[in-house]
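Chemist: What follows is a predicted structure for the sequence shown.
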Amino acid sequence: MGMQPSRRSFLQKSLGASGVAVASIGLGACGSSKAAKAVAAVTTTTMPVKNGDDALARLMDGNVRFASDKPLNQGRDTVRRTEQAEGQTPFAIILGCSDSRVPPEIVFDQGIGDLFLVRVAGNTASVPVVVGSIEYAAVTFGCPLLMVLGHDHCGAVKAAIDTAKTGTPPPGEIPGVVQPIQGAVAKVKDVPAGAMLDAAIKQNALDTAELLRSTDSLLTDRVASGKLKVVAAEYTLHTGKVAVLT
């Protein structure tokens, strides 16, 4: 995004001035302390989150439950809904694909207020509204983990491959979805045809995670200081399992 440190400071002050609590909260809460204490009191089935590694472990534990058809479905009742109405407490940010078959709260067996979701076809971060949404969650709630979640058989990545092969862009505004994925497709152009789609899906998730990790933005200082862990992952539709790529 090319933001200078002065702009980061300006945006952080602006968020605070608009009534948003800027990341002075502890990582275990990732939200208002009052709401966090309430959640901790009733959520006995989830482990506390102190850092990015803890957050990742909590996600992956939930995915194991989901994939083995033993979800706890915690945090989806009237009590949690009422608590979170007073202040959300997400412990992780998920940049995922819009695909209807990959709902993160279900895939990771989490409840209301646990995950801050940003979803766009192809799970890319090439436009300000996507990056800004991620920045908002990181700065406001102090979430220690950002996961870029791709999935197999992704139609957006397939469209990018088809465009690269034929030179013909898709209709309407769909090229806006395809264009950010072209770099990943180019990197795997020598992969055998039968393996190219999955290779491009993985590469796209890895590239997007690296872009968010390294580009100068409100995320920069948080990544550098270890307050924000950024990982890429891939979900498999048939098994329900998530594999971390980084």
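Modeler: Thanks, I have the structure now.

Chemist: neighbours around residue 59, how many?
Modeler: When neighbours are counted by other C-beta atoms under 10 Å, residue 59 registers 28. Every residue, glycine included, has its C-beta placed from N, CA and C.

Chemist: That one and residue 172, how far apart?
Modeler: 34 Å (C-beta to C-beta, to the nearest Å).

Chemist: same deal with residue 193?
Modeler: Taken as C-beta to C-beta, the span from residue 193 to residue 172 is 27 Å.

Chemist: residue ranges of the strands in the protein, please?
Modeler: With strands called from DSSP state E, the chain shows them at 92-96, 115-119, 145-151, 229-235, 242-244.

Chemist: Reformat these as CSV; add mean neighbour count, mean pLDDT and distance to residue 202.
Modeler: Below are the strands of the chain laid out as CSV (neighbours: other C-beta atoms under 10 Å; pLDDT from 0 to 100; distance: least, C-beta to C-beta, whole Å):
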stretch, mean neighbour count, mean pLDDT, distance to residue 202
strand 92-96, 27, 98, 15
strand 115-119, 21, 98, 19
strand 145-151, 28, 98, 7
strand 229-235, 23, 98, 6
strand 242-244, 17, 98, 9
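
Chemist: Columns distance to residue 66 on top of the ones you listed, output as TSV?
Modeler: Listed next are the strands of the chain as TSV, based on distance: least, C-beta to C-beta, whole Å:
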stretch	distance to residue 66
strand 92-96	14
strand 115-119	13
strand 145-151	13
strand 229-235	10
strand 242-244	9
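
Chemist: Out of those, which is closest to residue 177?
Modeler: For the strands of the chain, proximity to residue 177 was assessed by C-beta to C-beta; strand 115-119 is nearest, at 12.3 Å.

Chemist: Which neighbours in the sheet does that closest one have, and how are they oriented?
Modeler: Strands that pair with strand 115-119, judged by DSSP bridges, come out as strand 92-96 (parallel).

Chemist: how far out from the middle of the chain is the partner strand?
Modeler: Centre-to-centre, strand 92-96 and its host chain are 2 Å apart (C-alpha atoms, centre = their mean, to the nearest Å).

Chemist: ok, now stretch 79-91?
Modeler: Distance of stretch 79-91 from its chain centroid, counting by C-alpha atoms, centre = their mean, is 19 Å.

Chemist: In PDB, could you pull the C-alpha coordinates for the helix ranked longest in the chain?
Modeler: Counting by DSSP state H, the longest helix found in the chain is helix 193-214. What follows is helix 193-214, C-alpha atoms only, in PDB (Å, rounded to 0.1, in the frame of the first residue of the first chain):
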ATOM      1  CA  ALA A 193      -1.200 -29.600 -16.200                       C
ATOM      2  CA  GLY A 194      -2.800 -32.000 -13.800                       C
ATOM      3  CA  ALA A 195      -1.100 -30.400 -10.800                       C
ATOM      4  CA  MET A 196      -1.200 -26.800 -11.900                       C
ATOM      5  CA  LEU A 197      -4.500 -25.800 -10.300                       C
ATOM      6  CA  ASP A 198      -3.500 -26.900  -6.800                       C
ATOM      7  CA  ALA A 199       0.000 -25.500  -7.200                       C
ATOM      8  CA  ALA A 200      -1.400 -22.100  -8.200                       C
ATOM      9  CA  ILE A 201      -3.900 -22.200  -5.300                       C
ATOM     10  CA  LYS A 202      -1.100 -22.800  -2.800                       C
ATOM     11  CA  GLN A 203       1.100 -20.200  -4.500                       C
ATOM     12  CA  ASN A 204      -1.700 -17.600  -4.500                       C
ATOM     13  CA  ALA A 205      -2.200 -18.100  -0.700                       C
ATOM     14  CA  LEU A 206       1.500 -17.900   0.000                       C
ATOM     15  CA  ASP A 207       1.900 -14.800  -2.200                       C
ATOM     16  CA  THR A 208      -1.000 -13.000  -0.500                       C
ATOM     17  CA  ALA A 209       0.300 -13.800   3.000                       C
ATOM     18  CA  GLU A 210       3.800 -12.500   2.000                       C
ATOM     19  CA  LEU A 211       2.200  -9.400   0.500                       C
ATOM     20  CA  LEU A 212       0.400  -8.700   3.700                       C
ATOM     21  CA  ARG A 213       3.400  -9.500   5.800                       C
ATOM     22  CA  SER A 214       5.900  -7.300   4.000                       C
END
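
Chemist: Fine, thanks again, bye for now.
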